[in-house]
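Student: for reference, the sequence and a predicted model appear below.
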Amino acid sequence: MASSDQEELKYLQALNRELDAIIDSSHDGIVIADGEGNVLRVSKSYERITGVPAEVITGMNMRDVIKLGFVSDSVTLKVLEKKQSITISQRFATGRESIITGSPLFDENGKIVRVVTNVRDMTEIKQLEKQLAFSQNLLKRYQTELDELRAQHCSLGEIIAVSKEMNEVLLSALKSAGSDATVLITGESGVGKDLVAKFIHNKSWRNKSPLIVVNCGAIPEQLLESELFGYEPGAFSGAKREGKPGLIELADGGTLVLDEVADLPLIVQVKLLRFLQEKEIWRLGGIKPVKVDVRVIACTNKNLEGLVEEGRFREDLYFRLNVIRIKVPVLRERKDDIIPLIRHFLQKYNQQYGCSKKLTSEAYNFLVNKTWPGNVRELSNFLERLVVISEKDELDLDTVKMVADQKENEEKIKIEILSPITLKEAKEKLERELLLAALKEFKTTRSIARSLGIDHSTVVRKMHKYGLVKN
Ligand SMILES: Nc1ncnc2c1ncn2[C@@H]1O[C@H](COP(=O)(O)OP(=O)(O)OP(=O)(O)O)[C@@H](O)[C@H]1O
Ligand SMILES: [Mg+2]
């Protein structure tokens with residue numbers, strides 16, 4: 001071979017490698033065929049997208065590729081037939097969806113010498129499109145539901161939610177209402193956990209059935225088990241002769257809210273766990289289980305994880321309860337709710353006490369910036385006291401500050417009992433102390449009466465009784 005020929009061969013080989021490298025680096029699949037439909041080159045990505053082995057079909061005619069069932073349709077053949085660029089969409093055995101474009105390459109006589117086919121994988125884009133549409137739909141649905149709820153304010157069950165944080169809470173609550181999963185509502189005391197639990201029940205398909213709220217901390221330990229699970233006749237001494245259904249049974253078809261769930265004694269925790277697993281309860285002294293269909297919502301202001309670590313709360317029960325978790329944020333983390341809450345409670349207590357008191361803007365300002373360690377409950381109590389105690393219709397900064405200070409003072413009243421006294425004596429001692437504290441604070445006996453929540457005549461009578469009459 002002449003040396004110039006050799007050089008040309010080398011040059012062509014290098015060009016060939018370069019072309020292969022270019023083709024293989026393409027993210028789209030590429031197939032090159034000649035004017036008869038014989039496959040000349042196939043890129044690696046073509047194999048990845050279509051699942052058709054590149055080595056096998058290289059050298060084959062496209063008609064055979066179809067005949068052997070590697071692909072269902074061939075753009076190459078279509079291009080050869082129509083003598084123009086063609087685009088089709090195709091789904092391969094890999095499940096991947098693609099947009100395929102074939103383009104003809106003509107020689108100087110107008111004859112097709114090559115068909116270059118580009119396979120663009122659309123699977124991910126299609127999936128993302130689907131996901132996006134789905135999420136957008138869902139969001140729209142929740143948004144309309146929430147808007148509707150807001151529009152007919154009362155159906156929020158008197159829940160004030162203006163802040164972004166509280167709206168997120170209600171959105172999660174609304175989502176959870178659609179399922180039967182157990183919900184654990186956490187958050188500091190007074191943030192509105194009970195209210196959220198009721199909201200979930202009201203928005204769930206169980207809303208025509210009972211909502212039973214059990215305050216696990218308020219029922220004496222030895223009674224809790226029989227209250228929750230009920231008992232059969234003669235189960236224990238002091239039991240009713242005819243037996244008694246438990247609160248769980250009473251909630252059948254509806255929702256059971258376990259308030260202050262951290263206070264459940266360990267033995268009741270075991271029984272409750274069994275109920276959650278088996279959806280049936282055993283009454284005390286019962287000989288067969290009773291099927292109950294109840295959705296459980298648990299509330300707590302304690303750190304349940306900590307209690308689990310200390311062994312005071314069963315881990316398995318914790319997992320059963322903590323399926324959906326909703327945390328209600330403290331008031332200081334959602335300041336946007338404070339003014340709407342103040343308006344709400346002011347209106348409520350004005351109505352309740354037949355007043356029409358209004359806060360000045362400085363007073364509003366003061367209340368928004370005050371810390372509320374007792375959260376919404378403290379705010380509500382504060383406004384009630386404010387409405388009751390204040391004498392003028394205008395609640396200005398001084399009045400609000402006075403009530404705020406007075407509350408702190410009142411909390412400091414301490415009665416010491418050094419030796420056993422009768423209840424009557426203790427009551428009198430407390431009454432005298434309360435009157436004394438109120439006397440220091442207020443100018444008139446009428447305001448004393450309002451601050452203590454008793455009649456004016458009672459104040460006067462008791463002041464005489466305790467020798468506290470001012471001269
Ligand atoms: N967003 C709200 N809108 C209107 N009232 C509210 C709101 N949040 C709480 N309240 C009121 O505040 C008081 C306390 O709320 P709730 O009893 O639900 O608190 P909690 O979180 O269960 O507290 P605890 O942990 O002490 O049981 C209730 O009277 C409730 O009606
Ligand atoms: Mg509560």
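Tutor: Structure's in. What do you need? Ligands and ions are numbered 1, 2, ... in the order given.

Student: list the contacts of the residue in the stretch 101-250 of the chain that ligand 2 sits nearest to.
Tutor: Nearest to ligand 2 in the stretch 101-250 of the chain, going by C-beta to the ion, is D194, at a distance of 4.1 Å. Every C-beta, even on glycine, is put in place using the N, C-alpha and C of the backbone. D194 sits next to 213, 257, 259, 299 when contact means C-beta atoms under 8 Å, 6 or more residues apart in numbering.

Student: which helices and strands sit right next to the host helix or strand of the first one?
Tutor: Assigned by DSSP states H and E, V213 belongs to strand 211-215. Other helices and strands packing on strand 211-215, by 3 or more C-beta pairs under 8 Å, 6 or more residues apart in numbering; DSSP states H and E, are helix 193-203, helix 247-250, strand 255-259.

Student: now the angle from it to strand 255-259?
Tutor: Inter-element angle recorded for strand 211-215 and strand 255-259: 20 degrees (by axes from the mean of the first three to the mean of the last three C-alpha atoms, to 10 degrees).

Student: now do strand 211-215: everything it contacts.
Tutor: For strand 211-215, using C-beta under 8 Å, 6+ apart, the contacting residues are 194, 197-198, 201-202, 227-228, 247-248, 250-251, 254-260.

Student: backbone phi and psi for whichever residue of the chain sits closest to ligand 1, please?
Tutor: Residue nearest to ligand 1 within the chain: G192 (2.7 Å; C-beta to the nearest ligand atom). Main-chain torsions, G192, degrees, to the nearest 10: phi 110, psi 30.

Student: and the pLDDT for it?
Tutor: pLDDT, the model's per-residue confidence, is 95 for G192.

Student: just checking, it touches I159?
Tutor: Yes: assessed by C-beta atoms under 8 Å, G192 is found in contact with I159 at 7.0 Å.

Student: name the residue in these two with the higher neighbour count.
Tutor: G192 (24 against 19; other C-beta atoms under 10 Å).

Student: dump the residue contacts of that one.
Tutor: So G192 contacts 159, 328, 375-376 (C-beta under 8 Å, 6+ apart).

Student: for ligand 2, tell me which of those residues show up nearby.
Tutor: Among those, no residue sits close to ligand 2 (C-beta under 5 Å from the ion).

Student: just the ones in strands from those, please.
Tutor: Of the positions in the contacts of G192, not one sits in strands, assigned by DSSP state E.

Student: quick one: which of those residues is the most crowded by neighbours?
Tutor: V328 (26 neighbours).

Student: neighbours of the residue of the stretch 351-471 of the chain found nearest ligand 2, how many?
Tutor: Using C-beta to the ion, the closest approach of the stretch 351-471 of the chain to ligand 2 is made by R377 at 8.9 Å. When neighbours are defined as other C-beta under 10 Å, R377 has 14 of them.

Student: picking that back up, hmm, which two among the contacts of G192 are most spread apart?
Tutor: Using C-beta to C-beta, those reach their maximum pairwise distance at I159 and N375, which is 13.8 Å.

Student: what about G253, is that helix, strand or coil?
Tutor: coil (DSSP: H, G, I helix; E, B strand; the rest coil).

Student: skip the chain neighbours and tell me the closest residue to it.
Tutor: S209 (3.7 Å; C-beta to C-beta, 6 or more residues apart in numbering).

Student: tell me the domain boundaries of the protein?
Tutor: Here the domain assignment for the chain is 18-121, 152-329, 336-465, based on automatic domain parsing.

Student: who's in contact with R312?
Tutor: 262, 266.

Student: over to it: give its phi and psi.
Tutor: The phi/psi pair for R312 (degrees, to the nearest 10) is phi -100, psi -10.

Student: relative to E305, how far out is it?
Tutor: 11 Å (C-beta to C-beta, to the nearest Å).

Student: ditto for E129
Tutor: 40 Å.

Student: what pLDDT does E411 get?
Tutor: The predicted local confidence for E411 is 57.

Student: and for Y466?
Tutor: So, for Y466, pLDDT stands at 86.

Student: same deal with G286?
Tutor: pLDDT, G286: 87.

Student: need the next SSE after the strand holding V213, C-terminal direction.
Tutor: helix 221-229.

Student: for the helix or strand following that next one, packing partners?
Tutor: Sequence-wise, the next helix or strand downstream of helix 221-229 (DSSP H and E) is strand 230-231. Packing contacts for strand 230-231, counted by 3+ C-beta pairs under 8 Å, 6+ apart, involve strand 244-245, helix 247-250.

Student: can you tell me the average pLDDT over stretch 317-331?
Tutor: 97.

Student: which parts of it are buried?
Tutor: 317-318, 320-322, 324, 326-331 (16 or more other C-beta atoms under 10 Å).

Student: report the central residue of the chain.
Tutor: Closest to where the C-alpha atoms of the chain average out (C-alpha atoms, centre = their mean) is S172, at 2.8 Å.

Student: that residue against I326, yeah?
Tutor: Yes: here S172 lies in contact with I326, judged by C-beta under 8 Å, at a distance of 5.1 Å.
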